[in-house]
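In: take this sequence and fold it.
(one chain, ligands or ions: 2)
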Amino acid sequence: MFAQINSLGILGIDAYPVAVEVDFHRGLPIFEVVGLPDTTVRESRDRVRAAMANCSLALPNGRIVVNLAPADVRKIGTLYDLPILVGVLLAADLLSAGCDGCAFFGELSLSGEVRPQCGALSMVLEAKRMGLHSVFLPEANAAEGALVDGIDVYPVRDVPQLIAHLTGAARIPPARPADTASSLADVPDFRDVRGQAFARRAAEIAAAGGHNLLFVGPPGSGKSMIAARLPGILPPLSFEEAMEATRVYSAAGLLPAGAPLLTHRPFRAPHHSVSPAGLTGGGSVPRPGEISLAHHGVLFLDELPEFSRPALEALRQPLESGEITISRAAARLRFPARFMLAAAMNPCPCGWRGHPARKCTCSPARAAAYAARVSGPLLDRIDLHCQVMPVDFHHLASSAPGESSAMVRERVLAARERQRRRGGVCNALLPSGVLRECCSLSSDAQRLLQSAYDTLSLSARAFDRVLRVARTVADLEGSEGIERGHIAEALQYRSSGLPGQS
Ligand SMILES: Nc1ncnc2c1ncn2[C@@H]1O[C@H](COP(=O)(O)OP(=O)(O)OP(=O)(O)O)[C@@H](O)[C@H]1O
Ligand SMILES: [Mg+2]
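Out: Residues are numbered from 1 along each chain as shown. Ligands and ions are numbered 1, 2, ... in the order given. Here you go, the predicted structure:
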């Protein structure tokens, strides 16, 4: 007897169809899995056999051959346990149920419980794209699966429950979508930041135009504190953005329990010891890295020069393209990585260079070597460079809270709306040619920009950066034209005062 069950595989964050074919003939007991299975898939045999035995499903003696098609793609993982079990039951005539239009995936425990899988959201989306009407998946993945409308998602706790459903003895109720209302309650608020008007303004401009941002300043001046508050002033995630970001978390197995959909922008702050692969993703079973976990959110690199050079250089390509491609012998994978980069560093190893009161103990050569750990091309991709000064005593001691994130966010939203009406992309992503079309400079603004270009010997790239930031400053003010004041403010964020930087 022969049975075919629909299942899915996952490569990166993208799912693809897998057909589980089972052939059963009475005779000497053999259980084989073919179709390029890796060890975890081959071990399915033992889990399926034990789960069946422990759920009182005695398998008649016979030759079972399971083929996972397409047979030329390597199958990885434990997710085929459930479809193999259903296929074996059908092929051995232990179950008579119509499974057309259904997909199954899930790992089995030896006692027959169904264990969760990474990437369930992408797999349910793919099942819908394939035109299937139902997916049977592990109970723990039900909430994310239920985010996809137009397909029935059945949470399976264990094998007896699934059999009862398939035989019509007791139906499993389909999963209902959970409440996905957005709440910023857990995101830290700008209200806690005292003083630091310049750095706060830099954060606001960065959020308004989607610009990358670098803070340079002495220890304890509030750089990390301000960066952590960026998600709270960014525009809320659209449903499509939330689904994309959630697929990444689902593939990484990092979706928080009880929260199937990411409702606010992710903030990732990897430690500086992170490896290039930890940052960009990879591994023998490729998993998304920090830059993909920050997709549609903020990647914060604190103590920037302490990151390894290869890790920092690995950021350059995704910063341009918004995605990362990982090549493996078997396939090329693509992970999305459209994030806002926020970075912070001290101006020198001791941290006090340029401090108004404390003396820096670093030699100029040592300070220059420290700054040079961050390459020019990476700094070039950061539109806003902000020198953070120590908080002054009056601000710090004051009991008056700073302006709240909600108020800053309103201005950010208005500026983003202007950008949306103008062309759809935020200013940070405007290609050079379009940027010039979007920037009509007053004659005063033109003169100031020209004199800055001459006296500061700006490179063409630095010129674009100034123009781009000025565009955002004007958007925050609700101005279509770019005035002298906008250029003047943008010029303040051109250099972070690091040695070796003009
Ligand atoms: N502007 C500020 N308003 C209120 N509290 C502040 C401010 N700046 C710093 N602090 C306090 O100091 C602590 C340290 O700040 P933070 O970690 O942001 O400093 P940093 O600039 O990142 O320092 P480092 O260079 O050592 O990383 C904060 O947790 C906060 O309690
Ligand atoms: Mg810090």
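In: tell me, how many residues neighbour H165?
Out: Counted with other Cβ atoms under 10 Å, residues neighbouring H165 total 17. Backbone N, C-alpha and C define where each C-beta goes, glycine included.
In: can you give me the strands for the stretch 351-500 of the chain?
Out: 384-387 (DSSP state E, counting those that start in this stretch).
In: which stretches of it have low pLDDT?
Out: Within the stretch 351-500 of the chain, the stretches with pLDDT under 70 are 393-397, 399, 496-500.
In: which residues does stretch 189-197 contact?
Out: Identification of contacts with stretch 189-197 by Cβ atoms under 8 Å, 6 or more residues apart in numbering yields 200, 203, 221-222, 225-226, 229, 232-233, 388, 391-392, 394-396, 398, 401-405, 408.
In: does it reach ligand 1?
Out: Yes. Stretch 189-197 lies within reach of ligand 1 by Cβ under 6 Å from any ligand atom, at V193, R194, G195, Q196.
In: for PyMOL, what selects the buried ones among the contacts of stretch 189-197?
Out: Those of the contacts of stretch 189-197 that count as buried under 16 or more other Cβ atoms under 10 Å are selected in PyMOL with:
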select buried, resi 200+203+221+222+225+226+229+232+233+388+391+402+405+408
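In: out of the contacts of stretch 189-197, which touch ligand 1?
Out: Counting by Cβ under 6 Å from any ligand atom, S221, G222, M225, V391, L396 from those sit close to ligand 1.
In: max pairwise distance over those residues: which two?
Out: M225 and L396 (12.0 Å; Cβ to Cβ).
In: residues touching H272, list them.
Out: Neighbours of H272 in contact, by Cβ under 8 Å, 6+ apart: L301, D302, E303, L304, E306, F307.
In: ok, what's across the strand from the first one?
Out: Using DSSP bridges, the bridge partners assigned to L301 are A343.
In: please shift the residue numbers so they start at 880 in all later answers.
Out: Fine by me, first position is 880 from now on; the one you just mentioned is L1180.
In: show me which residues of the stretch 1080-1229 of the chain sit near ligand 1.
Out: Residues of the stretch 1080-1229 of the chain lying close to ligand 1 by Cβ under 6 Å from any ligand atom are G1096, P1098, G1099, S1100, G1101, K1102, S1103, M1104, A1223, N1225.
In: nearest residue to the third one in space, please, no chain neighbours.
Out: On the basis of Cβ to Cβ, 6 or more residues apart in numbering, the spatially nearest residue to G1099 that is not a chain neighbour turns out to be P1269, at 7.6 Å.
In: that neighbour reaches W1231, doesn't it?
Out: No. Contact criterion Cβ atoms under 8 Å: P1269 and W1231 do not qualify, at 9.6 Å.
In: which residues are in contact with each of those two?
Out: Jointly contacting P1269 and W1231 under the rule Cβ under 8 Å, 6+ apart are P1097.
In: pLDDT weak spots in the stretch 1030-1179 of the chain?
Out: In the stretch 1030-1179 of the chain (pLDDT under 70), the answer is 1059-1064.
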